[in-house]
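Undergrad: Provided below for reference: sequence and predicted model.
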Amino acid sequence: MTYSRLILVAFLIAFTNYVNGQNLDTTFGVKGGLNLTFFTVDQQNLGAYSTTETGFYGGVFVAFPIDDFLTIQPEALYISVGDFNFLNVPVYAKYEVANKLHLLAGPSVNYFFDFYTSKVKIGADIGSSYDLSDALDVHVKFALGIDELAPNGLFFGLGLKL
C-alpha cells in the first residue's frame, strides 16, 4: 500500500472514531453533475497543447459533523470524461462561512481505469456549496491534478442528503 493510501485510510478511521463519540448527526447522500476537464498533452517532437473535455460524475458522500460549522466529508465519485473513466475519492474539510454557504478543501485520490501505468493520481480540491434546502445543495469545485498527467477539472452539480 502506498503512503498516500495509508494516510487516507488512517485519516478516515481517525475521524470516524472521533465522530462516533459526538452527538452530531452523520448524514449520507448522493451527488452528481457536469464536469469540464482540462488536459495538457505533451507530444514528443510536436510540442504541448491543451484540450478540454466535457463529462459527467456521480457518487456518494458521508458527512461527519465535528461542530456546528465544521464537517469532514469524504466522497466516492465515478467520473467519465472523453475516453477516460476514473474513481475520485476526495476528503473535504467543509466549513460554513455564512448561512447555508460552505467552503470545501482537501486532498483527493484518483484511480484511472483506462491507464496502463500509474493508475493512481493525487490531487487537491477546493470548492463551495450552497444549501437550497435541508436535503438539497448546489456545488462547484475545482480539482487540481498534482501528479504528472493528472487532469484539472471544474465540477458543477447537485447533492441530495438521504
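TA: Structure's in. What do you need?
Undergrad: quick one: secondary structure of the most centrally placed residue in the chain?
TA: By C-alpha atoms, centre = their mean, the chain has its centre lying nearest to P90, at 3.7 Å. Per DSSP: H, G, I helix; E, B strand; the rest coil, the secondary structure class of P90 is strand.
Undergrad: Can you tell me, leaving aside adjacent residues, what's nearest to it?
TA: With C-beta to C-beta, 6 or more residues apart in numbering as the measure, S108 is the residue that lies nearest to P90, at 3.7 Å, once sequence neighbours are left out. Bear in mind the C-beta positions are built from the backbone N, C-alpha and C, glycine included.
Undergrad: Which pLDDT does the model give the one you found?
TA: Looking at S108, its pLDDT is 92.
Undergrad: check contacts around it.
TA: S108 makes contacts with 88-91, 122-125, 143, as judged by C-beta atoms under 8 Å, 6 or more residues apart in numbering.
Undergrad: out of those residues, which are buried?
TA: Buried residues within the contacts of S108, defined by neighbour count using 16 or more other C-beta atoms under 10 Å: 88-91, 123, 125, 143.
Undergrad: ok, so of those residues, who is nearest P74?
TA: Proximity of these to P74, judged by C-beta to C-beta, is greatest for V91, which lies at 4.7 Å.
Undergrad: Quickly list what the closest one is bridged to.
TA: Partner residues in beta bridges with V91: P74, with DSSP bridges as the criterion.
Undergrad: That one reaches T71, doesn't it?
TA: No: with contact taken as C-beta atoms under 8 Å, V91 and T71 are classed as non-touching, separated by 11.3 Å.
Undergrad: Look up the closest residue to T54, ignoring the ones flanking it.
TA: Spatially, and ignoring its direct neighbours in sequence, T54 is nearest to L36 (5.8 Å; C-beta to C-beta, 6+ apart).
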